[in-house]
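S.K.: No sequence on hand, only this structure:
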């Protein structure tokens, strides 16, 4: 059984049921648009454990979050690149005392924003990754139809500078119509040798989401 240091995370050993995310337990705490305010929050919460979801615009990141944590946890926008802030939630695990944290990061790789907005976004993201609590796992969502784009490659090059645990999720697998397309994605996945986990899902249909959720819970214990 995995163990952890903070005494306020206590598994109730008497129960034999599997530990899982309690759907509907996610509570919105605050959204941060400025790097200074975000850094202030992080500096006061250095020992937390949680999951940070990041992906290109329109990869189904919000849909994945909502499938895992409950409907309407993350806002689903029809306009790619609309969200420019980092939204922080607390959530619970069954049989485990204490709070865990969900970070919904704005989508990257969308060009239709002003230079000033892009500058502020980069500063915000730089601040997050440079100061992220070490108890976080970064969950990168990619569109299986368009995997490993230039923006994704830049993100992973950036990750190399920090001691981050990363889980890679290829979403929208149901949109791939041929075995050749599916084999191509899995071949590309093998190139990501530094990640801790790789998953293939369809958030819209729910395929593979339970397995993803259980695997990510394992990183919190």
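M.R.: In hand now; what should we look at? Quick caveat: nothing in here was measured; it's all calculated off a predicted structure.
S.K.: Show me the shaky parts of this structure.
M.R.: When residues are selected by pLDDT under 70, those of the chain lie in 1-17, 76-83, 110-113.
S.K.: Can you show me the strands along it?
M.R.: Secondary structure of the chain (DSSP state E): strands located at 27-32, 50-55, 86-93, 96-104, 136-143, 165-171, 197-200.
S.K.: List the contacts of the last one.
M.R.: Defining contact as C-beta atoms under 8 Å, 6 or more residues apart in numbering, one finds that strand 197-200 is touched by 144, 167-170, 173, 185-186, 189, 192, 208, 211-212, 215-216. Using the backbone N, CA and C atoms, a C-beta is placed for each residue, glycine as well.
S.K.: and the most centrally placed residue in the chain, how far is that from residue 184?
M.R.: The centroid of the chain falls nearest to residue 53 when counting by C-alpha atoms, centre = their mean (1.8 Å). Taking C-beta to C-beta, to the nearest Å as the measure, residue 53 falls 24 Å from residue 184.
S.K.: next one: residue 22
M.R.: Going from residue 22 to residue 184 by C-beta to C-beta gives 37 Å.
S.K.: go on, residue 144?
M.R.: Counting by C-beta to C-beta, the gap between residue 144 and residue 184 amounts to 9 Å.
S.K.: Please verify my assumption that residue 189 contacts residue 170.
M.R.: Yes - at 6.6 Å, residue 189 counts as touching residue 170 under the criterion of C-beta atoms under 8 Å.
S.K.: where do the contact lists of those two overlap?
M.R.: Contact with both residue 189 and residue 170 is made by residues 147, 198, 200, according to C-beta under 8 Å, 6+ apart.
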